[in-house]
Structure formats: structure tokens, C-alpha cells
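Peer 1: One predicted model, sequence on top.
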Protein chains: 2
Amino acid sequence: MDTRTYLLDCAETAARQRGYDAFSYADLAREVGIRKASIHYHFPLKADLALNLIERYAERFFAALDEIAGRQVSPADHLRAYHAIYRNALANGTQLCLCVAMSAGRSSLPGPVLDRVNQFHADSVAWLAAIFATGIRDGSLPSEIDPDAEGMATLALMEGAQLIARAAEDLTLFDSATASFLSRLNSRNTSRSSA
Amino acid sequence: MDTRTYLLDCAETAARQRGYDAFSYADLAREVGIRKASIHYHFPLKADLALNLIERYAERFFAALDEIAGRQVSPADHLRAYHAIYRNALANGTQLCLCVAMSAGRSSLPGPVLDRVNQFHADSVAWLAAIFATGIRDGSLPSEIDPDAEGMATLALMEGAQLIARAAEDLTLFDSATASFLSRLNSRNTSRSSA
DNA sequence: GTCTATAGACTGATAGAC
DNA sequence: GTCTATCAGTCTATAGAC
């Protein structure tokens, strides 16, 4: 693997485990096995590294969502797959989704990176809203819910559940926090006929 | 006001706006108007300050919850008041609940402080679960929900909604994320008779 | 591309005068 | 209780040799 990619991989893990400002070029150099001055060749400023990090992550993340959206399954199954992404990203309670990690350490984030984080949120809500809208249209989800609000609520639930589970390093807290979301998906498609 | 209290007030604001490791004794000294060495007289280690911070905050927070629980109103009203606390704590999208801020910067947190944060979460879930249990008992909330899971979900939703709203410094994102939670409270007490 | 060496600023923390 | 002065350690970042 080339050094640049290796640096991004290590930096991503560090940022997700400890936060953006809690890992340094010195840490990174030690782990990758080069000197910290050499990192500046690949990423002159730490802000460059951060921007590459979130952009690479968003690309990967939304590619996964595209793959999920393309599956010929119910909207509820799409949402279950979305849930699974956040659950897996937790890595047993040791690390957060990069976007959650960066939302958390907002203050020290370079402006463009913060913008990217907010766009990540907006894109996520748009994806979720589309799924909910489909579910309402085909009758598998109740029509009184608002797709946008439900999308925002789902994103907030996942981020909050990750935060709580990681604080205690206990994956079961994530499962507990999202249990009612999942069970609401089950009850819906058996409940009502049209309204 | 005595210096110690003033220090705690300024530190709390700083931690909630920028995070625990993003404010220094130098910042604090500048704001309070004493030298940073003097802060060490009141709080020898920054860990001492952090522990006092979270303990004072938890005391205030759960006193507010006690006051809410004592009101002679419906469980749904109790939950609406709980929601209002998190909404107000956001201060228009500029700062987080201290517990959310500390969950976020977990890595650099002294052990005892992290323990206190996790206890804060557990106590919150217990309080919420009791409210949900009451609502199920009196028939105002549907009986198929699990009080503990619903409590965890509610806490996660509030924390996640705060995180997203603060990232964009936009209170309306909090409102959007919690709208379906609130509307679920409305629909319940008019829907079913016993089951 | 990677290195050594260094700059300049900042961190939490301590010693000791007043 | 607050001060001055200082310490050792960390950080991001740069200059210039190889």
C-alpha cells in the first residue's frame, strides 16, 4: 500500500477512536513508521489531512448507501441495512463513525471540514427521507409521518446511540437505544391497509 | 460571586461551546481575570476542575428532572419538559449539554470523569424509563413499548439532535430531528383505550 | 520522498514571594 | 489567594540536506 493511503487509514482510525484533535502527526508518524516531517510532504497542513479524510469517508459511505438503495427489498429492509452500517462502524464500542467524531470535536475543525460534515448530515437526511417517502407511497410505512423529519430523527438517533455506546465502550447500549426504531419497522408493514 | 464559582461557570461555558480539551487554563484565566497559576490553587489539576464541573452539572440537571417529575401532569407532559431542557441547553445551536460535550471528547477525559458521564447516562435512562412505565400503566402510552429501550432511545435522540444542530449552529435542525418524537406523544393519548 | 534539526507557540503544572 | 517566573512536554509547521 502506498504511504499516502496508509497515512489516511491510520489517521481515520485515530480520529474515530480518539477524535480529530487528540491525534498528532507524531502519533501518526510512529504508527506508520516514518518521521513526522515526512507527513507534511503528503499533507502540508493537518487541515489538508482532515479534508481528505472526511471526503474519502463520505465517498465510501454514500457508495454503500447507493448499493443499499439499489437492492430490491422493502424500505424497512433499506432502513435495517442503514442501521447495520452504524452498528458495524462502532467496532464493538471502540470507535465512532468519522462524521460523528468530527461533529463532536467541532471547535478545532477547519472551516471547510466542518462544511463537509454538515453536508454529510444533509445528504444522509436526504437519503433517509427518500426511503421513508417510498415506504409511505407503497403503504408499508404510516402516511402521517413526515419523511424529512423522520430522516433527521433517524440520523440523530444513530449518532446519539453511537456516542452513548462509545462512552461506555458497550455495544449493547447501541442496540438498546435503537431497539424501538427497529421494532417500529416491523410493526408497520403488518398494521394498516391504506391510511 | 466567589472566584471558584466564577471559574466553574466560565469553564462550563467553554467546555460546552468548544469541548473539554479545547479550553485551557490560559483561556480561563484571561476570561476570569486572574493568572493561570491562581487557577491551580482552586483546582490543582484540570481533572479536578472537570470532575467538579460534571458533578455540579449533574446535580443541577437531576434536580430539574425531579422538579418535572413532581408536577401533576401527564407522562407525555413530563417528556415534553425533558425535551425542552435539551432544546434550551443548546442555546440556539452554540453549545451542548455538558454531558454530550464530554461524551464527545471521551479520549482525553480523566477516568473518574468518564465514569460520571456514564452514570449520567444511566440515571437519565432510569428517569425516562420510569416516566414511560407510568404512561404505560395509566394507558396514555402504548403498552407494546419497552420502558428501558424507549428511555435509551429518547436519550440518544436528544444527544444526537444536539450534536447535529450544533455542528451547523442551527436550532431548527434540533426541532426537525425531535418533531416526530413530540408528535408521537400527541397521537398516543388519543388513540387506544386499554391495549 | 524521507530525513535531521529547529522554530514558535502552546499546554498543564510547580516553586516560592507577597 | 494571587502573583511572577519557570519547567518540561507537546503541538503544527518549515528549512534544507540527501
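Peer 2: Structure's in. What do you need? Numbering: from 1, shown residues only, chains lettered A, B, ... in the order given.

Peer 1: Tell me the residues on chain A that lie near DNA strand C, please.
Peer 2: Within reach of DNA strand C by CB under 7 Å from any atom of the strand, chain A has these residues: A:3-4, A:34-38, A:41-42. (Each C-beta comes from the backbone N, C-alpha and C, glycine too.)

Peer 1: 6 Å - rerun?
Peer 2: A:3, A:34-35, A:37-38, A:41 (CB under 6 Å from any atom of the strand).

Peer 1: ranges for the helices of chain A?
Peer 2: Secondary structure of chain A (DSSP state H): helices located at A:3-18, A:25-32, A:36-42, A:46-70, A:75-89, A:98-104, A:111-137, A:147-167, A:171-191.

Peer 1: residues of the longest one that come out buried?
Peer 2: Okay, so that is helix A:111-137. Within helix A:111-137, the residues that count as buried by 16 or more other CB atoms under 10 Å in any protein chain shown are A:113-114, A:116-118, A:120-121, A:124-125, A:127-129, A:131-136.

Peer 1: Next: the third one.
Peer 2: By neighbour count with 16+ other CB under 10 Å, helix A:36-42 contains the buried residues A:39, A:42.

Peer 1: which other residues reach that helix?
Peer 2: Contact partners of helix A:36-42, identified using CB atoms under 8 Å, 6 or more residues apart in numbering or on different chains, comprise A:3-4, A:7, A:24-26, A:28-29, A:32, A:49.

Peer 1: again, 6 Å this time
Peer 2: A:4, A:7, A:25-26, A:28-29 (CB atoms under 6 Å, 6 or more residues apart in numbering or on different chains).

Peer 1: Is any residue of the helix or strand of chain A with the lowest mean pLDDT near chain B?
Peer 2: Using mean pLDDT, DSSP states H and E, helix A:171-191 stands out as the lowest-scoring helix or strand of chain A, at a mean of 86. Yes: using CB under 6 Å from any CB of the partner chain, helix A:171-191 reaches chain B at A:176-177, A:179-180.

Peer 1: Please identify the buried residues of stretch A:143-155?
Peer 2: In terms of neighbour count (16+ other CB under 10 Å), stretch A:143-155 has its buried residues at A:145-155.

Peer 1: close to chain B, is that stretch?
Peer 2: Yes: Stretch A:143-155 reaches chain B (CB under 6 Å from any CB) through A:149-150, A:152-153.

Peer 1: any idea which of the residues you listed is the one closest to residue A:78?
Peer 2: Checking the residues of stretch A:143-155 next to chain B against residue A:78 by CB to CB gives residue A:150 as the nearest, at 12.9 Å.

Peer 1: Show me the shaky parts of chain A.
Peer 2: Scanning chain A for pLDDT under 70 picks out the ranges A:188-195.

Peer 1: Chain neighbours aside, what residue packs nearest to the residue of it found nearest DNA strand D?
Peer 2: Residue of chain A nearest DNA strand D, by CB to the nearest atom of the strand: residue A:24 (3.1 Å). In space, and not counting its chain neighbours, residue A:24 is closest to residue A:36: 8.0 Å by CB to CB, 6 or more residues apart in numbering or on different chains.

Peer 1: wait, residue A:165 sits on residue A:173?
Peer 2: Yes: counting by CB atoms under 6 Å, residue A:165 touches residue A:173, with 4.2 Å between them.

Peer 1: which bits of chain A sit near DNA strand D?
Peer 2: Residues of chain A lying near DNA strand D (CB under 6 Å from any atom of the strand): A:24-27, A:36-37, A:40, A:44-47.
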